[in-house]
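> From the sequence below, what's the structure:
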Amino acid sequence: MSSPLTADIRADTAYVAKRAGLAREALTGVQLGLVWYPGKRIVCDSDNLAPTLKAAIDGLRDIKALVADDGSVVLRTWQRAIPRHMDPQDGTTPRVLLVCEDAGRLDEDWFAPGEIGTLVLGSSVHRRA
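Just a heads-up that it's a prediction; the model follows:
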């Protein structure tokens with residue numbers, strides 16, 4: 001049984017991804033990352049974001065943006081907490097970005113992917129082609 005917070009993250013991800021048009025993608029290979037701007041002057045541990053990323057992946061699977069959520073489709077995951085002094089907006093409002101990179105558009109250099117979308121959970125949607 002998932003917690004109410006996990007269910008909210010999953011549902012929010014599905015909603016925002018659907019609005020961004022990812023429900024039509026049925027991606028067969030992705031890299032997914034989570035970037036958290038806590039909005040406070042605190043030290044954050046990036047590894048604590050793993051459960052949030054898992055719930056977001058499940059939300060993408062719920063709307064069939066991913067054909068599966070195992071290692072054959074989700075090829076790489078990463079998460080990063082950005083301290084406020086490194087936040088380009090120097091914002092006091094916390095925000096989370098879900099970065100979805102289509103492995104079909106990866107450059108030869110594995111770490112220079114072609115980004116298909118960055119989702120701001122619970123907020124506006126940004127999409128780059």
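
> From Asp45, how far out is Glu101?
Using Cβ to Cβ, to the nearest Å, we find Glu101 at a distance of 23 Å from Asp45. Every C-beta, even on glycine, is put in place using the N, C-alpha and C of the backbone.

> Between the two, which is the more surrounded one?
In terms of neighbours (other Cβ atoms under 10 Å), Glu101 is the more surrounded of Glu101 and Asp45; the figures are 22 against 8.

> what mean pLDDT does the helix or strand hosting that one have?
Assigning secondary structure by DSSP states H and E places Glu101 in strand 95-102. Strand 95-102 carries an average pLDDT of 84.

> Report all helices and strands that it contacts.
helix 4-19, strand 30-37, helix 50-62, strand 115-120 (3 or more Cβ pairs under 8 Å, 6 or more residues apart in numbering; DSSP states H and E).

> repeat that with 10 Å
helix 4-19, strand 30-37, helix 50-62, strand 74-81, strand 115-120 (3 or more Cβ pairs under 10 Å, 6 or more residues apart in numbering; DSSP states H and E).

> Please pull out the lowest mean pLDDT helix or strand from the protein.
Of all helical and strand segments in the chain, the minimum by mean pLDDT, DSSP states H and E falls on strand 125-126, at a mean of 38.
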